[in-house]
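**Student:** have a look; sequence and predicted model below, questions after that.
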Amino acid sequence: MASFFAGDYQGAPFQQFDLTHLAALGVIALGCLALGFCWRSPSLRARQAFRYGMAVLLVAVDVSWQVWCWAIGTWTVQTSLPLHLCTAMVYVSALMLVSKSYHVYEFGYFLGIGGAVQALLTPDVGPYGFPHYGYFQFFIGHGATIAAAIYMTAVEGYRPRWQSLLRAAVGANLYVAAVGLLNLWLGSNYMFLMYKPNVPSLLDYLGPWPWYVLAAEPIGVAMFLLLYLPFAIRDRRAARRLSHSASVG
């Protein structure tokens, strides 16, 4: 148990796209598919229990990280506040599940899924490979963020609209601006706005600072459009069926 929580972990370090990385991605994908396609018409009590249980899990994942960082002496204002996009989305997703607010859902869907997918493909886990606590904390937190948005969409019947995409894009830019100012004040690097992370990521292909920050903007928009695409296709098909029915009638 001591090695599971060890700050100076001596086990095998995490390696991108090794077996343990792919296994984590596979488990998350299967869990999300099960939510999206297999859990049909659960009772009101079952849905409520799932939402509250998932919300508690999301908050517990980050709070446990804060406590662990404090316990091993690495907690600092510059590195440990829940200001990275994915960490912020943990709390947004928890709020979405508890409140069932549609406007919170809009951010949970676009920013939660978009940010978590990028993080899962290029994990910033440090040296903490399987089976360290840091490995499980990272993948559970990001996987649950995606699962929460998929659950609200597939089970609770929520769906994004064009206005949702626009609000999420504006909200994301306002958040980036606020975090950027906070970085200047604290001397921190939240959301990697001041310099790139020490692990391989998409930012490595976007040029030096500050150009990679600007270049991430169209990539974010493309991700939002991709997330909206299934609904745009469904709306287009529904409009065609309606038009066909009207013409036949």
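**Tutor:** Nice, thanks for sending it over.

**Student:** three-state assignment of the residue most central in space within the chain?
**Tutor:** The centroid of the chain falls nearest to A116 when counting by Cα atoms, centre = their mean (2.9 Å). Put simply, A116 is helix when judged by DSSP: H, G, I helix; E, B strand; the rest coil.

**Student:** pull the contacting residues for it.
**Tutor:** Residues near A116 by Cβ atoms under 8 Å, 6 or more residues apart in numbering: C86, M89, H142, G143, T145, I146. (Glycine included, C-beta is placed from N, CA and C.)

**Student:** if we go to 10 Å?
**Tutor:** 28, 85-86, 89-90, 93, 141-149 (Cβ atoms under 10 Å, 6 or more residues apart in numbering).

**Student:** going along the chain, name the helices of this protein.
**Tutor:** Secondary structure of the chain (DSSP state H): helices at 19-33, 44-71, 77-80, 85-99, 102-107, 113-121, 133-154, 162-186, 211-248.

**Student:** out of these, which is closest to G11?
**Tutor:** helix 133-154 (9.6 Å; Cβ to Cβ).

**Student:** flag every buried residue along the closest one.
**Tutor:** 133-154 (16 or more other Cβ atoms under 10 Å).

**Student:** as a markdown table, the helices of the chain with mean pLDDT and distance to P13 would be great.
**Tutor:** Listed next are the helices of the chain as a markdown table, based on pLDDT from 0 to 100; distance: least, Cβ to Cβ, whole Å:
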| stretch | mean pLDDT | distance to P13 |
| --- | --- | --- |
| helix 19-33 | 96 | 11 |
| helix 44-71 | 95 | 18 |
| helix 77-80 | 95 | 19 |
| helix 85-99 | 97 | 21 |
| helix 102-107 | 97 | 34 |
| helix 113-121 | 95 | 18 |
| helix 133-154 | 96 | 10 |
| helix 162-186 | 96 | 28 |
| helix 211-248 | 85 | 25 |
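
**Student:** out of those helices, which is closest to P127?
**Tutor:** Smallest distance to P127 across the helices of the chain (Cβ to Cβ): 8.3 Å, for helix 133-154.
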